[in-house]
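Engineer: I'd like to go over a predicted model; first the sequence, then the structure.
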Amino acid sequence: MPVVFSKNISENCIVTLWKIEEEVDFFLKYLHIKDENLEACSNATHPIKQLEWLASRTCVKYTVELLEHNYKGIEKDEHNNPYLSDIQGFVSLSHTSNYAVAIVSLNEEVGIDIEKISDKLSRVAHKFLSDSERLHAGDDLFKMCVYWCAKESLYKWYGKKNLSFKENIYIEPFEGKPKIVTGEIFIDGVLKTEHQLEVFYVEDYIVTAVF
């Protein structure tokens, strides 16, 4: 199993990063899913998307079992947020073509995201960065990626729709390769909540986690 790392955030919270190197058959066996049921389970028809879906669920199962619980699958709530079947706990997951990442906590809400540093972020920066964040990021794709990941993680943590990355979620300025960034959620111009997010790096990918 190509687990890049599994980190205990606390006694009851673990983050796992998984590099996707296995074939589909490995994941099907690990998750006890029949090949003919894959399309229906994943709600995806493209093989790459199916593989990413399988890897992300495998990452969750592996993490749940590290916490000494049995994995019974993932369901979605009314806001399309994932939750663990038959387990009192919280989960967030993300995936790319090369990696899957998950955070599982038995006692607190969580959010996680993984993103590759790429120039596509510069094309949409005006949509998710506030004026001060754009000024701080400049043309730096690395900073844009940290901003995007942190905001996405906070969005998942919040768990409700109608949050604007640009208007409602703010990330405090940072320098270098931070291990921690501070994020805030504002509702109707009033500070709703503030969090410290952990930041992880692997190759040209960034992972942020809030818990």
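Structural biologist: In hand now; what should we look at?
Engineer: list the helices and strands the longest strand that the chain contains packs on?
Structural biologist: Criterion DSSP state E: the longest strand present in the chain is strand 190-202. Packing partners of strand 190-202 (3 or more Cβ pairs under 8 Å, 6 or more residues apart in numbering; DSSP states H and E): strand 3-10, strand 13-19, helix 141-158, strand 180-187, strand 205-210. In this view, the C-beta of every residue, glycine as well, is placed from N, C-alpha and C.
Engineer: next, the angle strand 13-19 makes with it.
Structural biologist: Strand 190-202 and strand 13-19 are oriented at 40 degrees to each other (axes from the mean of the first three to the mean of the last three Cα atoms, to 10 degrees).
Engineer: which parts of strand 190-202 are buried?
Structural biologist: Going by neighbour count (16 or more other Cβ atoms under 10 Å), the buried part of strand 190-202 is H195, L197, E198, V199, F200.
Engineer: isn't the third one up against I180?
Structural biologist: It refers to E198. Yes: counting by Cβ atoms under 8 Å, E198 touches I180, with 6.2 Å between them.
Engineer: could I get the CA-only coordinates of the helix or strand where V64 lies as CSV?
Structural biologist: The secondary structure element spanning V64 is helix 47-66 (assigned by DSSP states H and E). Coordinates of each C-alpha in helix 47-66 appear next as CSV, following Å, rounded to 0.1, in the frame of the first residue of the first chain:
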residue,chain,number,x,y,z
PRO,A,47,-12.0,4.9,-15.8
ILE,A,48,-9.8,7.6,-14.4
LYS,A,49,-12.6,9.1,-12.3
GLN,A,50,-13.6,5.7,-11.1
LEU,A,51,-10.0,5.0,-10.1
GLU,A,52,-9.8,8.3,-8.1
TRP,A,53,-13.2,7.5,-6.4
LEU,A,54,-11.9,4.1,-5.4
ALA,A,55,-8.6,5.4,-4.1
SER,A,56,-10.3,8.1,-2.0
ARG,A,57,-12.6,5.5,-0.4
THR,A,58,-9.7,3.2,0.2
CYS,A,59,-7.9,6.1,1.9
VAL,A,60,-10.9,6.6,4.1
LYS,A,61,-11.2,3.0,5.0
TYR,A,62,-7.6,2.7,5.8
THR,A,63,-7.8,5.7,8.1
VAL,A,64,-11.0,4.5,9.8
GLU,A,65,-9.3,1.2,10.6
LEU,A,66,-6.3,3.0,12.1
